[in-house]
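K.L.:
structure for the following, please:
(3 chains)
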Amino acid sequence: MKIAYYPGCTLKADARHFEESAIESFRALGIELEELPRWNCCGTVFSFATDNVMYHLAPVRNLLRVREQGKDTVLTLCSMCFNTLKRANKLFNEDAEKRDKITGIMDNENLVYDGKTQVKHALELLRDEIGLQSLREKVGQGLKGVRLAPYYGCMLLRPDGLGIDDAENPTLFQDVLRALGAEAASYPFQGECCGAYQTVMQPEVVGERTYVLVDGARRSGADAIVVSCPLCAFNLDQRQGIAGRLHSDFDAMPVFYITECLHLALGLGFKEEWKRLHHVPVDAFLEKLHRSQNVAGAVKRQRSNIRE
Amino acid sequence: MQLKNEEISSALKQKIEDISGTNVMKCYQCGKCSAGCPMVDYMEILPHQILRLVQIGKWEEVAGANTPWICAACLTCSVRCPRGVKIAELIEAVRQIALRNRISGRRLEISKEEIENLPPIALISAFRKIIE
Amino acid sequence: MKGVPSRKIGVFVCHCGKNIAGIVDVKRVVAAVARLPYAAFVTDYKYMCSQPGQDMIRDKIKEEKLDAVIVAACTPNLHEATFRKAGAEAGLNPYCVEMANIREQCAWVHQGDKEAATRKAVEIISSMIQKAALDNPLSGDSIAITKRALVIGGGVAGIQAALDIADAGYEVVLVEREPSIGGHMAQLSETFPTLDCAQCILTPKMVAAGAHPRIRIMAWSEVREATGFVGNFKVKIERKASGVDWTKCTGCGICMEKCPTTVASEFDRGLGKRKAIYSPFPQAVPNKPVIDRQHCLHYTKNKCGICKKLCEVGAVDFDLNPEIVEEDVGAIIVATGYDLYPTERLGEYGAGKIPDAIDSLAFERLLSASGPTAGEIRRPSDGKIPETVVFVQCSGSRDPEKHKPYCSRICCMYTTKQAMLYKHSVHNGQAYIFYIDIRSGGKNYEEFVERAQSEGVVYIRGKVSRIFQNGDKVTVMGVDTLAARPVRIDADLVVLAMAMVSRSTTEELRKILKIITDANGFFTEAHPKMDPLGTTTRGIYLAGCGQAPRDVPDTVAQASGAAGKVIGLFSHDRLPLDPMIVCVDEELCAGCGLCVSVCPYDARELDVKRKKAIVKEALCKGCGACMVACPNSATIHRNFSKKQILKMIDAVI
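P.N.:
The predicted model follows:
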């Protein structure tokens, strides 16, 4: 099966391993991610101002690109892209006045957007198109032996009705991680914002947030944190340096993208160049994972991948 | 402080309500927004206090606080408000008015290395939300 | 119905001070009306409803030999009864007295255009003249009343109402769905503001109700059907299958002692246990057990039967079937009470999954000396005594966005009480109460709050955003809006003051009784200010929290009020019926039954033998729907016939 795929800017840059692991994993599962031939930055954040029509053009144009391909569903990996595209779509469909304005401004396009694109997040795709039971069977050993703490962040769960799960007690991420064979932890801060864009001007503030969130994951007994957003990844991974500086009792913990975990679970290994894109080293975790694998074939495959 | 009728029914307050699409007078100051805000420890004035100041027309104090510029727009406040007041949207409206009128905002004063280190998603979202 | 061409109508135009006369030119109206046919005497006066005004009506009826009267004044809702009475006192049939509303429907709504208002007033009066010209003198029938009451719900409201009605000399059937009466009050430890032990003040009333010669308690029963009308209700009550023959049972309790099956007790809110054969609490009235078929080994696995073996009087009978009892009653009081909003609905407060975050009724059971921990306050998770207890008010209340929009009225007071009782029990313990406002409007309530504060309960103004399990503590994320700081407390125990909601059985009962509920699921009163105990159905009254959240003093007072209404009803020998309803011209009636299908009050019926439609006069409210539906014009509304209505319309066009 093929699905239209919207990468978003950061997946081509700092988070290219997010994309690479996604494309290869989904391919192994029988889904071909077809990048939209033409797309622009979605804007990263949805503007809450009711009079700011221009801010909605960027996401709506991308939704139009999907329709131009004759498709009605688009996959995003990044939580912020997911949130912005989905909210812009909802606004377009529900606010007739803004819809007319936006369509009018976009009159240089060849097609008029009809509002019919559906925005899907990778976790939803795994649940709906692959099926968690089926995923469990496909991964076999998968990530058995490690305990992972998913970090939802804020953009996957809010506002109500738009998120992938209930904002207060979500379980989808844990369900997916369990389907990959890992133990999945829940902890109180899994849905609390990391500070997002404050990392630009207030890195110390974000460092404090990182301390709280990573420490919370550690207390849940996790070996690693799993995220689905490059900003969450940056804040939770890179900013651990500041967290450690501010708190002497801070223990670092590696941060993975969900698709890196998927890649590993499917026995596709972990690429050397990906390690360079991680801030907190991942070797200890990968070692623990290997030690727990006891199916000869899977272990062999993983070892040969690591040596590449 | 002196409360003034013209501040309480000012055009500026109306503008804040229009841009945010919410009725600030519905807020009954329960504080749930402040209680759940992940960034509250770094704010000079708490979110519910910002709403209070907007309610009684004290724009100067609102514009001078760091609160709107520390907000991460995570929506936790709006999602939990018992009266359905859109607090995050209101804080955004305060930011927008400040930015559009060049009253305040954050200036981008970081080193070249920092900029190169940051992923595009961080820079773009910061530009669109808080940087003047 | 005959037209009465020689009718002499008196028209009295009221000034109502400036209310009418300030806009309508009353003198002009009098002059114009005097020229109309049938107008035998026309005058105006400042206040027709006053004593001199009414005297004038009576005098002029006699002097001018009037046979119909129109008072052009305010709305008939206010003074129709006044003027009908005046007319009757002068010997005129009250149904030949009409009101023309030239205030609410004219002067008050056309204040900007006096000329048009004056013209409209004349038109309104003119149309009423056309109606009055064809009015017939009417006299109403009356019906017999069954002087027995049904009280649905055996909580403190139901018990009080039953006692008052029975003490007045009438029989009462008190239906309660649990095995015992007592309701939620029986679960409480102590009550505010006196700190009386709840069971100590309630059980005397329970016992009195149980022993009263005129009260028949039907516990473990539910109302299934109700038909009829005021004074003449027929109800079917189901006595549910209990497995125990209460006519034989002595309440010795050996069956409960020896039963091998233990399950979570509903009375203890899941914190304590009961047996499969059980009575909910020791002071139960009636003090007889029922068998829980979902858990009893006999019913689930066809084993055991110890209770039957041990019962010395042979009261255990596994094959006892449910029984339907039919009762005739003249009035019904609905006193079904409340439930608490479930903690599962509050996602940010743990969605009911945190063992040490319990609701207020569960905490009452911990406080209660006869509770699952014998009055020692112990955490559900590990049985330890909590040193830090956080009380969260407004859990689910005052939340129009996602939960209940209203204030549940009693939580501020009972939380204060619970915090105080906790501190009396755990001397070094700290109680925190998160509140938005403190509502303490009752007698001695504010003083009670002051006492709690001086005893060291810490009140924090701010709504809790979230609570979560944190190791063996429960972390509360709140805010102190007064100190303007976010606040975090690691509590040993959290008590959630959950919103009061209407019972889950309300929807079904509403349909059975055909009364209405509001958007929040509470029973709707006849008028929120002037008739808070009645419903839209005559003869059915409300008492207690089924109507709205309230505390015990108000509930008891309301229950007595509802009982008073019933006693007032029963003080008549017969009930007069309003004659201004519909009747059937049987010559024209074809028996098609359309009237039956359109009647919203079940007041029309087809006599299948004679193939004629009849009117159940006690139920008919005179809405006129059947008159419109009848294809043969066989249904006639007395003094509101089609002919009259058409003539009224002609007069204004």
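K.L.:
what residues are up against residue A:255?
P.N.:
Each residue near residue A:255 by CB atoms under 8 Å, 6 or more residues apart in numbering or on different chains is listed here: A:151, A:224-227, A:233, A:236-237, A:278-280. C-betas here are computed from N, CA, C, even on glycine.
K.L.:
and if you look at residue C:651?
P.N.:
Counted by CB under 8 Å, 6+ apart, residue C:651 has contacts C:123, C:126-127, C:129-130.
K.L.:
what's the pLDDT at the residue in the stretch 551-653 of chain C positioned nearest to chain B?
P.N.:
At 23.0 Å from chain B, residue C:551 is the closest residue in the stretch 551-653 of chain C, using CB to the nearest CB. pLDDT, residue C:551: 96.
K.L.:
next up, phi/psi of it, please.
P.N.:
phi -90, psi -180 (degrees, to the nearest 10).
K.L.:
for it, which non-adjacent residue is spatially closest?
P.N.:
residue C:410 (4.9 Å; CB to CB, 6 or more residues apart in numbering or on different chains).
K.L.:
that neighbour: neighbour count?
P.N.:
Per other CB atoms under 10 Å in any protein chain shown, the neighbour tally for residue C:410 reads 22.
K.L.:
residue C:499 is in contact with that one, correct?
P.N.:
No: assessed by CB atoms under 8 Å, residue C:410 is found out of contact with residue C:499, at 10.7 Å.
K.L.:
residue C:583 - how many residues pack around it?
P.N.:
15.
K.L.:
quick check: beta-bridge partners of it?
P.N.:
residue C:636 (DSSP bridges).
K.L.:
intersection of neighbour lists for residue C:410 and residue C:499?
P.N.:
By CB under 8 Å, 6+ apart, no residue touches both residue C:410 and residue C:499.
K.L.:
for the residue sitting nearest the centre point of chain B, what are phi and psi?
P.N.:
Closest to where the C-alpha atoms of chain B average out (CA atoms, centre = their mean) is residue B:91, at 2.4 Å. Here is the backbone geometry of residue B:91 (degrees, to the nearest 10): phi -60, psi -40.
K.L.:
please report how far it lies from residue A:189.
P.N.:
For residue B:91, the distance to residue A:189 equals 22 Å [CB to CB, to the nearest Å].
K.L.:
what of residue A:150?
P.N.:
Residue A:150 is 12 Å from residue A:189, where distance means CB to CB.
K.L.:
out of the two, which sits in the busier spot?
P.N.:
residue A:150 (30 against 21).
K.L.:
contacts only, for that one.
P.N.:
A:173-174, A:176-177, A:184-185, A:190, A:225-227, A:258.
K.L.:
make it 7 Å
P.N.:
The neighbours of residue A:150, taking CB atoms under 7 Å, 6 or more residues apart in numbering or on different chains as the test, are A:173-174, A:177, A:184, A:190, A:226.
K.L.:
so residue A:136 lies in a helix, does it not?
P.N.:
Yes: under DSSP: H, G, I helix; E, B strand; the rest coil, residue A:136 falls within a helix.
K.L.:
now do it, the pLDDT please.
P.N.:
94.
K.L.:
hmm, back to that, surely the residue nearest to residue C:551 touches residue C:553?
P.N.:
No: counting by CB atoms under 7 Å, residue C:553 is not a contact partner of residue C:410; they are 10.7 Å apart.
K.L.:
SS state for the residue nearest to residue C:531 when sequence neighbours are not counted?
P.N.:
Sequence neighbours aside, residue C:525 is the residue nearest to residue C:531 in space, at 6.4 Å (criterion: CB to CB, 6+ apart). Assigned with three-state DSSP, residue C:525 falls in the coil class.
K.L.:
phi first, then psi, for residue C:525.
P.N.:
Dihedral angles for residue C:525 - degrees, to the nearest 10 - are phi -80, psi 160.
K.L.:
who touches residue C:128 in this structure?
P.N.:
With contact set as CB under 7 Å, 6+ apart, residue C:128 has these partners: C:70, C:98, C:100.
K.L.:
what do you get if the cut-off is 8 Å, keeping everything else the same?
P.N.:
C:70, C:72, C:98-100, C:648.
K.L.:
from the residues you listed, pick the one nearest residue A:1.
P.N.:
Checking these against residue A:1 with CB to CB, the nearest one is residue C:648 at 72.6 Å.
K.L.:
my guess is that closest one contacts residue C:132. True?
P.N.:
No: using CB under 8 Å, residue C:648 is not in contact with residue C:132, being 10.0 Å away.
K.L.:
which one's more surrounded, the two?
P.N.:
The residue with more neighbours, out of residue C:648 and residue C:132, is residue C:132; 25 against 18, by other CB under 10 Å.
K.L.:
quick check: pLDDT value at that one.
P.N.:
Note for residue C:132: predicted pLDDT of 95.
K.L.:
look up the closest residue to it, ignoring the ones flanking it.
P.N.:
Ranked by CB to CB, 6+ apart and with sequence neighbours excluded, the top spatial neighbour of residue C:132 is residue C:68, at 4.3 Å.
K.L.:
the residue of chain B found nearest chain C: what's it in contact with?
P.N.:
Residue nearest to chain C within chain B: residue B:36 (2.9 Å; CB to the nearest CB). Taking CB under 8 Å, 6+ apart as the criterion, residue B:36 is in contact with B:76-77, B:80, C:348, C:465-466, C:477.
K.L.:
so which of these sit within helices?
P.N.:
Counted as lying in helices by DSSP state H, out of the contacts of residue B:36, are B:76-77, B:80.
K.L.:
out of those, the closest to chain A would be?
P.N.:
Closest to chain A, out of all of the ones in helices among the contacts of residue B:36 and judged by CB to the nearest CB, is residue B:76, at 6.8 Å.
K.L.:
what's the residue nearest to residue C:551 sitting at in phi/psi?
P.N.:
Residue torsions, per degrees, to the nearest 10, at residue C:410 are phi -100, psi -10.
K.L.:
contacting residues around it?
P.N.:
Counting by CB under 8 Å, 6+ apart, residue C:410 has contacts C:500, C:549-551.
K.L.:
how close does it get to residue C:545?
P.N.:
Counting by CB to CB - residue C:410 and residue C:545 are separated by 9 Å.
K.L.:
same question for residue B:103.
P.N.:
From residue B:103 over to residue C:545 (counting by CB to CB), the distance is 53 Å.
K.L.:
neighbour count winner among these two?
P.N.:
Between residue B:103 and residue C:545, residue C:545 has the larger neighbour count (other CB under 10 Å), namely 32 against 13.
K.L.:
okay, now the unreliable bits of the stretch 301-450 of chain C?
P.N.:
Applying pLDDT under 70 to the stretch 301-450 of chain C flags no residue at all.
K.L.:
cool, and the stretch 101-250 of chain A?
P.N.:
Judged by pLDDT under 70, no stretch of the stretch 101-250 of chain A qualifies at all.
K.L.:
residues of it that sit close to chain B?
P.N.:
By CB under 8 Å from any CB of the partner chain, the part of the stretch 101-250 of chain A that sits against chain B consists of A:154-155, A:158-160, A:167, A:192-202, A:205, A:208-209, A:229-231, A:234, A:238.
K.L.:
6 Å instead?
P.N.:
For the stretch 101-250 of chain A, the residues in contact with chain B (CB under 6 Å from any CB of the partner chain) are A:154, A:158-160, A:167, A:192-193, A:195-201, A:205, A:230-231, A:234.
K.L.:
among the residues you listed, which are located in helices?
P.N.:
A:198-201, A:205, A:230-231.
K.L.:
tell me where chain B has helices.
P.N.:
Going by DSSP H, chain B shows helices at B:5-8, B:11-20, B:32-36, B:47-55, B:59-64, B:67-70, B:76-80, B:87-100, B:112-117, B:120-129.
K.L.:
many thanks, have a good one.
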